[in-house]
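Asker: When you get a sec, could you give me coordinates for this:
(chains A and B)
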Amino acid sequence: MTEQPTQMRTTAEEALAAHFAALPADDAMRVQRAAAFDAFAARGLPNRRVEEWKYTDLRALMRDAPPPAEPASPEAAQAARDRAEVFAQIDRARIVFVNGYFVPALSDMSGLEEDIEFASLGRFLADGGAILDRSLDPADAPAFALNGAFVTDGAVIKVRDGAKLARPLELVGVYAGDEPALVTLRHQITIGEGAEATILHTLAGPDGVAYQTNVVSEVQINEGARLSWVTAQEHGDEAINLSMLIPRLAGNVRFDPFFFNVGARVARNEIHVTFEAEHSVMGLRGATLARRYQHMDTTLVATHIAPHCGGEEFFKSAIDDDAHGVFQGKIIVEPQAQKTDSKMMSRALLLSDSAGFSNKPELEIFADDVVCGHGATCGQIDEQMLFFLRSRGIDKDQAERMLVLAFLAEAVEMIEDNDAVVAALEERTRRWLGLEAMSD
Amino acid sequence: MLEIKNLHVEVDGQKILNGIDLTVKAGEVHAIMGPNGSGKSTLSYVLAGKDEYEVTEGSVLYQGADLLEMEPDERAVAGVFLAFQYPVEIPGVGTMSFLRTALNAQRKARDEAELTTPEFMKLVRETAGKLQITQDMLKRPLNVGFSGGEKKRNEILQLALLEPKLCVMDETDSGLDIDALRVVSDGVNALRGPDRSFIVVTHYQRLLNHIVPDVVHVMSKGRIARSGGKELALELEEHGYADYVGQAA
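Answerer: Residues are numbered from 1 along each chain as shown, chains lettered A, B, ... in the order given. Purely as a prediction, here's the structure:
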């Protein structure tokens, strides 16, 4: 390959290089970090000419790059954790990271001692034992490369073979500062054979602060395991959030991820899932709620290596004001992955004339005996429904909110066997819509 | 109660109503009959405030106020109720939640206290029971998966709960079998009273055997071609609408 002509670096790229250069020189991970940063720097921030980033021009959207965050004071950390309350009504264990660092005092794993092993990634970063380049090629994934360069901590979790978690485990990642800073976490999770778990992933931070977060979750799901994964992204209104979920599925796995996106100025949520063995099924769902100037991108890459696997993806987005939503869904079926059954659907509701949504389904199918379907719609509130509600005395504004709630609830209600999570996310949706809480 | 004068209405530039005059007094039941395409449903929608209908001439006074100036929800709060010919299915909106929102929205707009959950539940259970609406139906999303008859009964449930003053029933009998027709008619008859008026729009006379009108109007080509007592409906049943279909507008 010929050398790329030197491109003028942006302010953000300059800042990232400076922050990387300022990391401690005696870091045990220096070689791995440098490899990751070099992979990033070779191409820089992705822009709209990079196909995967066509609708999310990060080069334009990320104007600057703040320095890595310092650990928060105990008081600030607790306050920040307490604000991340979307799942407050659910009896759950918690592993809390503030500003990119594990905070044992705010975490609670009681009841799960027999079922999980936990260590903070920070330990392995300190002794040079962490492996950061396993799941994706940093050269093709700029957010992943930046994560490897700047990661400070994360959860290393093993759910033991056959364990059935008595209560959900929540991974909390919050920012507690009032100055712009960068928070970088890497979670490495293994779900043992035949194990069953619900993992809640909560991301939050203050409004009005241009902080940036980069969270990568690598999840190995072993034979016969069941994992329900629910991300609630509620970052502050000036934040940039890059997050990636990278699950690898062994055989006979049931995996149900859900993504609830309501926060951040710019949010790019990538899911890279690989079906590595037969008879695994994924039901991937999400709801995106965007308004004002928010830019919310969900990008899925599902790779079928093994035959007889099934995937169903269903995303709903409500976009208001000048906000923009993106759904990119790529399904790759390798030649040997016969009998793959995959359905993908993205539905967007545009609530203002200046709201926008970009849908991009992509199918790359190299096997000849598969069923792969996809659909995408983009529409407005149904006038007949609106008139019906108004004709019963419900004013226009409230009727519209009810219909948006109904639209989004259809996705949220697909979360199976977890009524408390459904209730929590519906309540959060109501709050977004300014609807009163359900009292019954 | 209601005074319609020389009402002209267009949809997409096409004239549908060509000078309707109709006065409905408190407590009266008026039947509006007529062939398909005569403008019966348009009149219903105009009274409820659907916005694709353009009033080009005429006036509608409801309890002395200009009805045409009011938003659909304001009309509902003021006591106008349209029972839809085709009630809309709304996935994701629970029937109970909808009923409660509508009832409390109206009460709030009238400065009345909102009903508490137990009060509301009791009221709905009693009313639904009379209309043979099951708990299962109430648990479903609004009208989703309801049969035609169930949807119509659900309309009457809303009518009974919201206690409007002017009820416009748009082809409430369409799609109903004999038993459902009786349940629906009984529901309506139970709500008749000196302060409540009905406009019953129907194509067939059979509904009027159950809901006996004070006045019958025949619509044709966007106007009221003839008005009379309840015997007019029987006459129409016998002779059909042939006399009216050919008439010049």
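Asker: So A:Asn147: helix, strand or coil?
Answerer: Of the three states, A:Asn147 takes helix under DSSP: H, G, I helix; E, B strand; the rest coil.
Asker: by contact count, what packs against the top helix by length along chain A?
Answerer: In chain A, with assignment by DSSP state H, the single longest helix is helix A:396-412. Secondary-structure packing of helix A:396-412 (3 or more Cβ pairs under 8 Å, 6 or more residues apart in numbering or on different chains; DSSP states H and E): strand A:281-290, strand A:310-319, strand A:341-350, helix A:383-390, helix A:419-433, strand B:90-94, helix B:95-109. For every residue, glycine as well, the C-beta is placed using N, CA and C.
Asker: Redo these as JSON lines? Include distance to B:Val212, mean neighbour count and mean pLDDT.
Answerer: Shown next, in JSON lines, are those (distance: least, Cβ to Cβ, whole Å; neighbours: other Cβ atoms under 10 Å in any protein chain shown; pLDDT from 0 to 100):
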{"stretch": "strand A:281-290", "distance to B:Val212": "52", "mean neighbour count": "24", "mean pLDDT": "97"}
{"stretch": "strand A:310-319", "distance to B:Val212": "49", "mean neighbour count": "23", "mean pLDDT": "95"}
{"stretch": "strand A:341-350", "distance to B:Val212": "46", "mean neighbour count": "21", "mean pLDDT": "95"}
{"stretch": "helix A:383-390", "distance to B:Val212": "29", "mean neighbour count": "21", "mean pLDDT": "96"}
{"stretch": "helix A:419-433", "distance to B:Val212": "46", "mean neighbour count": "18", "mean pLDDT": "93"}
{"stretch": "strand B:90-94", "distance to B:Val212": "34", "mean neighbour count": "20", "mean pLDDT": "91"}
{"stretch": "helix B:95-109", "distance to B:Val212": "29", "mean neighbour count": "20", "mean pLDDT": "92"}
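Asker: thinking again about what came up before, the inter-axis angle of the longest helix of chain A versus strand A:310-319?
Answerer: Orientation of helix A:396-412 against strand A:310-319 (axes from the mean of the first three to the mean of the last three Cα atoms, to 10 degrees) gives an angle of 160 degrees.
Asker: Next one: A:Ala424 from A:Gly173, what distance?
Answerer: Counting by Cβ to Cβ, to the nearest Å, the gap from A:Ala424 to A:Gly173 is 17 Å.
Asker: what's the closest of the helices and strands packed on helix A:396-412 to B:Val46?
Answerer: helix A:383-390 (12.5 Å; Cβ to Cβ).
Asker: ok, and what's touching that closest one?
Answerer: Outside helix A:383-390, the residues within contact range by Cβ atoms under 8 Å, 6 or more residues apart in numbering or on different chains are A:396, A:399-400, A:402-403, B:48-51, B:71-73, B:76, B:84, B:87-88, B:90, B:93, B:98, B:102.
Asker: hey, C-alpha coordinates of that helix in CSV?
Answerer: Provided in CSV are the C-alpha atoms of helix A:383-390 (Å, rounded to 0.1, in the frame of the first residue of the first chain):
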residue,chain,number,x,y,z
GLU,A,383,-53.1,11.8,11.9
GLN,A,384,-56.0,9.3,12.4
MET,A,385,-54.7,8.2,15.8
LEU,A,386,-54.1,11.8,16.8
PHE,A,387,-57.6,12.9,15.8
PHE,A,388,-59.1,9.9,17.7
LEU,A,389,-57.3,10.8,20.9
ARG,A,390,-58.2,14.5,20.5
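Asker: Give me the nearest residue to the residue in chain B that chain A sits nearest to, chain neighbours excluded.
Answerer: Closest approach between chain B and chain A, counting by Cβ to the nearest Cβ: B:Gly92, at 2.7 Å. In space, and not counting its chain neighbours, B:Gly92 is closest to A:Ala406: 2.7 Å by Cβ to Cβ, 6 or more residues apart in numbering or on different chains.
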